[in-house]
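> just the structure for this:
(one chain, ligands or ions: 2)
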Amino acid sequence: MPKVLISDKMDPKAAQIFRERGVEVDEITGKTPEELKAIIGQYDGLAIRSSTKVTKEILDAATNLKVVGRAGIGVDNVDIPAASARGVVVMNTPFGNSITTAEHAIALMFALARQLPEADASTQAGKWEKNRFMGVELTAKTLGLIGAGNIGSIVADRARGLKMKVVAFDPFLTPERAIEMGVEKVDLDTLLARADFITLHTPLTDQTRNILSAENLAKTKKGVRIINCARGGLIDEAALKAGLDSGHIGGAALDVFVTEPAKESPLFGTPNFVSTPHLGASTTEAQVNVAIQVAEQMADFLVSGGVTNALNMPSLSAEEAPKLKPYMALAEKLGSLVGQLAHGALSSISIEVEGAAAELNQKPITGAVLAGLMRVHSDTVNMVNAPFLAKERGLEVREVRNEREGDYHTLVRVTVRTEAGDRSVAGTLFGNQAPRLVELFGIKVEADLAGHMLYIVNEDAPGFIGRLGTTLGEAGVNIGTFHLGRRNAGGEAILLLSVDEPVTPELAAQVRALPGVRTAMALAF
Ligand SMILES: NC(=O)c1ccc[n+]([C@@H]2O[C@H](COP(=O)([O-])OP(=O)(O)OC[C@H]3O[C@@H](n4cnc5c(N)ncnc54)[C@H](O)[C@@H]3O)[C@@H](O)[C@H]2O)c1
Ligand SMILES: O=C(O)[C@H](O)COP(=O)(O)O
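Ligands and ions are numbered 1, 2, ... in the order given. Okay, here's the model as predicted:
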């Protein structure tokens, strides 16, 4: 039974779903990195929010880990390249808390416009400072949206409902989508110059880090109010403090900080500064949503191989998974076969699906071929890290889809380009289930690819099979199955034998020494 660790506070629905789906679950929150390192090796899955930092060190200790599930959106607390390199799938729940976070941004905008926290503190201190607090209306003000994705677009919608004018800066926002959202697409400088309020809704990346730098803050309108419910690091906090102190910035509300938990900050106590402790996603509704979603996704993956919302692997629905399973087995065997047989550097690989296979999601088939190919050189390769390793090694990957049926109702063909030219193998599924090799380097052959095998290329001449049988028999190697193919009578022939014992290098050399043998090598699947 797969075992999952929930390491951050999560709605109890998550644990309930794991158990209902046949996944064992432990809930252990608040562990230090060292403590987490000591226990992570027992788990197949790790369910987190933003507190647990899934670093390379944690991943190195996570010898059984297959999936990290983030109950939320931001995955900047997960070292995704390290997870990919170790073959660990990383998933998030990209929509479960978007409305809640957008509402928090709007709440903070109101808090700034009417100085609600300070007015509340003053009133409860018995001061009744009616003349101290003079707010501004939101109606007809311009809201500058930096990042117009899921949350940004909900904020824009709510702001338009408040009769605000919304201008948006997002390099990936198309003009059509901007029209649909009812926002004006502008460049960053225009946004900075025109906005009365600025709200940030981008991930933290190399491009967005310090997007509100001292230089950019200086380009804002005097009195601008700034809200950040996205990620700490998008704003230069020191420059923000200076802007608030000088009065150029009229107010700032931060839910997120460069260093979290933010137990101290020069911003604390600054007039017109409002803060919350990373509460953007903290509503009952959002937490139930993300807990259910992450547990369902992780259980699907661990129990049936379905992949949803993975950041380092193509999606595969729980319905598709059983249909694709035999194809992935076939694809992995074909990848492994070319990996074992093709010598020298490979510059490209083409994965072609034909007939019934062309109706399926091709990405998992490609991943399985690459995993089979790469596993020849490394034990730690799987479908998650294989595409990354292929890219790292400069292997060009092409996918070809051919819906017309050929000789077989379904076919997967893998062709690699080596220094010696193109080498191609193809396989089908018998009864839609059983993988069979049907073509090897242009020669028709029909074979199972399983267990220990011996691959031989020889000249098609009488007497050879007898000599081969004697050699194997004398070495105590029993032949299980025997598959033969040839280009033409008397020409090049291929033999694929499954054998009950591993073929030692000495035995392979003995076979190579037989008259007429061009190649003989051991294969394993
Ligand atoms: N405070 C919280 O508790 C909380 C809760 C949920 C999400 N978040 C954070 O909010 C952020 C946005 O979430 P989302 O779901 O809207 O993500 P999203 O991926 O849907 O949208 C992000 C948008 O940012 C845009 N973008 C990327 N680089 C940009 C750049 N250089 N300049 C301008 N725009 C750029 C993208 O094109 C995209 O449209 C994430 O960082 C997420 O982690 C915070
Ligand atoms: O990216 C997110 O989803 C938010 O930052 C929420 O983080 P949390 O799950 O720690 O509240």
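> what's the offset of stretch 489-504 from the middle of its chain?
Relative to its parent chain, stretch 489-504 has a centroid offset of 41 Å by CA atoms, centre = their mean, to the nearest Å.
> tell me, how many residues neighbour E27?
Using other CB atoms under 10 Å, E27 is surrounded by 16 other residues. Where C-beta positions appear, they are placed from N, C-alpha and C, glycine not excepted.
> once you drop chain neighbours, what's closest to it?
Once flanking residues are discounted, E27 sits nearest to I6: 4.5 Å by CB to CB, 6 or more residues apart in numbering.
> partners of that neighbour in the sheet?
Applying DSSP bridges to I6 gives these bridge partners: E27, A47.
> model confidence for it, exactly?
Listed pLDDT for I6 reads 98.
> and the gap between it and T93?
Taking CB to CB, to the nearest Å as the measure, I6 falls 14 Å from T93.
> low pLDDT regions in the protein?
Within the chain, the segments meeting pLDDT under 70 span 379-380.
> taking it, what residue is nearest to ligand 1?
G149 (1.8 Å; CB to the nearest ligand atom).
> spell out which parts of this protein neighbour ligand 2.
49-50, 72-74, 97, 278, 280-282 (CB under 6 Å from any ligand atom).
> if any of those are buried, put those into a PyMOL selection.
The PyMOL selection below is limited to those of the residues of the chain next to ligand 2 classed as buried (16 or more other CB atoms under 10 Å):
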select buried, resi 49+50+72+73+74+97+278+280+281+282
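> the residues of the chain next to ligand 2 into CSV, with extra columns for distance to Q115?
Output for the residues of the chain next to ligand 2, formatted as CSV (distance: CB to CB, whole Å):
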residue, distance to Q115
R49, 31
S50, 29
G72, 30
I73, 30
G74, 29
N97, 27
H278, 22
G280, 21
A281, 25
S282, 23
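> who has more neighbours, I6 and T93?
I6 (28 against 25).
> hang on, that one packs against K13?
No - taking contacts as CB atoms under 8 Å, I6 lies outside contact range of K13: 11.2 Å.
> hmm, back to that, quick one: the residue of the chain closest to ligand 1 from E492, how far?
For G149, the distance to E492 equals 57 Å [CB to CB].
> ok, now I17?
In this view, I17 and E492 are 57 Å apart by CB to CB.
> who has more neighbours, the two?
Between I17 and E492, counted using other CB under 10 Å, I17 has the larger neighbour count: 19 against 16.
> contact partners for the more buried one?
I17 is in contact with 291-292, 295-296, 299, counting by CB atoms under 8 Å, 6 or more residues apart in numbering.
> and the helices in the stretch 201-350 of the chain, which stretches?
Applying DSSP state H, counting those that start in this stretch to the stretch 201-350 of the chain gives helices spanning 214-218, 237-246, 284-299, 320-341.
> make JSON lines from those helices and add mean neighbour count and distance to V54 to it.
Formatted as JSON lines, the helices of the stretch 201-350 of the chain follow (neighbours: other CB atoms under 10 Å; distance: least, CB to CB, whole Å):
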{"stretch": "helix 214-218", "mean neighbour count": "15", "distance to V54": "32"}
{"stretch": "helix 237-246", "mean neighbour count": "17", "distance to V54": "25"}
{"stretch": "helix 284-299", "mean neighbour count": "23", "distance to V54": "14"}
{"stretch": "helix 320-341", "mean neighbour count": "21", "distance to V54": "25"}
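> which of these sits closest to I198?
When these are compared by CB to CB, helix 214-218 sits nearest I198, at 9.6 Å.
> what's next to the closest one, contact-wise?
So helix 214-218 is contacted by 188, 192, 235-236, 238-240, 242-243, 248-249 (CB under 8 Å, 6+ apart).
> what residues are up against the residue lying closest to S213 once chain neighbours are set aside?
Using CB to CB, 6+ apart and skipping the chain neighbours, the partner closest in space to S213 is D236 (5.1 Å). Taking CB under 8 Å, 6+ apart, we find D236 in contact with 210, 212-214, 217.
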